[in-house]
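> with the input below, show me the fold.
(one chain, ligands or ions: 3)
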Amino acid sequence: MVTRIQVAGDRPYEVLVGRELSGELPSLIGGAARAAVLFSAPLRARAELIAAATGVKTLLIEVPDAEAGKTVEVAARCWDELGANNFTRTDVVIGVGGGAVTDLAGFVAASWLRGVPWVPCSTSLLGMVDAAVGGKTGVNIAAGKNLVGAFHPPAGVLCDLDSLATLPADDLTAGLAEVIKCGFIADPAILDLIEKGDLGDDVLRELVERAIRVKAEVVGVDLKESGLREILNYGHTLGHAIEKRERYTWKHGHAVAVGLIFAAELARLAGRLDDETARRHRAALERVGLPTSYAADAWPELLSAMRVDKKTRAATLRFVVLDGLAQPGILSGPDESLLERAYAEVAR
Ligand SMILES: NC(=O)c1ccc[n+]([C@@H]2O[C@H](COP(=O)([O-])OP(=O)(O)OC[C@H]3O[C@@H](n4cnc5c(N)ncnc54)[C@H](O)[C@@H]3O)[C@@H](O)[C@H]2O)c1
Ligand SMILES: O=C(O)C(=O)C[C@@H](O)[C@H](O)[C@H](O)COP(=O)(O)O
Ligand SMILES: [Zn+2]
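Ligands and ions are numbered 1, 2, ... in the order given. Down below sits the predicted model:
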């Protein structure tokens, strides 16, 4: 059974969730003449399968794995390959992998000839529930996470649940951070499922579909993050600062998990969130084995990294917080002392 989740907007598209979905590729790539398939080493076999399923001539481009592939240098190498092969606007870019490869593939597609179609074939939990949906594409630079990129919605998204069978356990756990985030900002039924602790195939599929629906509802009305879309950044202000400090060797989902606790404590200490909902963050994240603390002495560096967060306006730091379960809001310009007290709750 294939679940089709619609994403609205100027260029609406579908997110397909199911098993053995490669047969859907010809319709997703439309009338493309050729496809460039970007992948990293662990996904070579799947990339070859997907390339064959397109039914058109393909160019396979292997890129470094995980965050090592999300760089301007790797993007430039991909542009060179497209140029050497005369890729035109009637061709399509396909990303096969987790969020890192699909963010890169989307950015290459957004920038090549000022924008060609692309299709993420997401193979990680985090990629399916988040990175592949919504058209945020980009790379990291020394100054911070995802600081160079473009909004470039895909032509369609493939989430083949079969691929999760080979996903390392740690990466499955990392993906649950974004799923739990969706539970807190919009769909508490997700939290009920997480708290029951049974993550069998059917429950996992339900979690995937619920989280995608949360994201689809948001990006369908606010592609460019002019307002509502900021809620998807819950936990990311501190999360991205941790990733930068760790030189992108920490998993995104792990950093977001710490960031979620920090954001919950910030709201609690600001008098906006009740104790019980704040406590529920730690419990849910611990339940699935996500990290909930970070180095105490890192605070000055993290605070400085948070200043280049995309939600910052002028010098004013802004955080997504909760005013209750599934009631996201913005905390603008909190006192440094409040930030420090919230950090003390995650510091070890
Ligand atoms: N664009 C967005 O809206 C958005 C949203 C959330 C996250 N992101 C980005 O996504 C990235 C994180 O994504 P991620 O958690 O998927 O990490 P990832 O892409 O680095 O993948 C994690 C690891 O799992 C491996 N892997 C993926 N699928 C596999 C499979 N089926 N079998 C075996 N190995 C597999 C990868 O090769 C990699 O080693 C970050 O860069 C983050 O910034 C983007
Ligand atoms: O889609 C969004 O919007 C999000 O914020 C989802 C996040 O989970 C994701 O990590 C995103 O890449 C962060 O975007 P950024 O604009 O803060 O770099
Ligand atoms: Zn994220």
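> what residues does the stretch 201-348 of the chain have near ligand 1?
252-253 (C-beta under 6 Å from any ligand atom). Where C-beta positions appear, they are placed from N, C-alpha and C, glycine not excepted.
> so which residues on the stretch 201-348 of the chain come close to ligand 2?
225, 229, 232-233, 236, 310.
> for those residues, give me TSV that also has neighbour count.
Listed next are these as TSV, based on neighbours: other C-beta atoms under 10 Å:
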residue	neighbour count
E225	18
R229	18
L232	25
N233	23
H236	26
K310	17
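> turn those into CSV, columns for pLDDT.
Listed next are these as CSV, based on pLDDT from 0 to 100:
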residue, pLDDT
E225, 96
R229, 98
L232, 98
N233, 98
H236, 98
K310, 91
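> A142: neighbour count?
A142: 8 surrounding residues under other C-beta atoms under 10 Å.
> got the contact list for whichever residue of the stretch 151-300 of the chain sits closest to ligand 2?
Closest to ligand 2 within the stretch 151-300 of the chain is L232: 3.6 Å, counting by C-beta to the nearest ligand atom. Residues near L232 by C-beta atoms under 8 Å, 6 or more residues apart in numbering: 130, 134, 181, 185, 215, 218-219.
> okay, and the beta partners of P328?
For P328, the beta-bridge partners under DSSP bridges are L322.
> list the buried residues of the helix or strand where V208 lies.
Per DSSP states H and E: V208 is located in helix 201-221. Within helix 201-221, the residues that qualify as buried are 204-205, 207-220, counting by 16 or more other C-beta atoms under 10 Å.
> and the pLDDT at the closest residue to G134 other than its chain neighbours?
Residue nearest to G134 in three dimensions, not counting chain neighbours: V219, with 3.8 Å by C-beta to C-beta, 6 or more residues apart in numbering. As predicted, V219 sits at a pLDDT of 98.
> so which bits of stretch 162-181 are buried?
Of all the residues in stretch 162-181, those buried under the rule 16+ other C-beta under 10 Å are 163-164, 167, 171-181.
> buried residues, whichever strand in the chain runs longest. List them.
Counting by DSSP state E, the longest strand found in the chain is strand 144-151. Judged by neighbour count (16+ other C-beta under 10 Å), strand 144-151 contains these buried residues: 144-149, 151.
> quick one: strands adjacent to that strand?
Partners of strand 144-151 in its sheet, by DSSP bridges: strand 136-141 (antiparallel).
> using PDB, write out every CA atom in the partner strand.
Provided in PDB are the C-alpha atoms of strand 136-141 (Å, rounded to 0.1, in the frame of the first residue of the first chain):
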ATOM      1  CA  LYS A 136      14.900  23.500   2.200                       C
ATOM      2  CA  THR A 137      18.200  22.600   0.500                       C
ATOM      3  CA  GLY A 138      21.700  23.600   1.300                       C
ATOM      4  CA  VAL A 139      25.200  23.000   2.600                       C
ATOM      5  CA  ASN A 140      27.200  23.800   5.700                       C
ATOM      6  CA  ILE A 141      30.000  26.400   5.800                       C
END
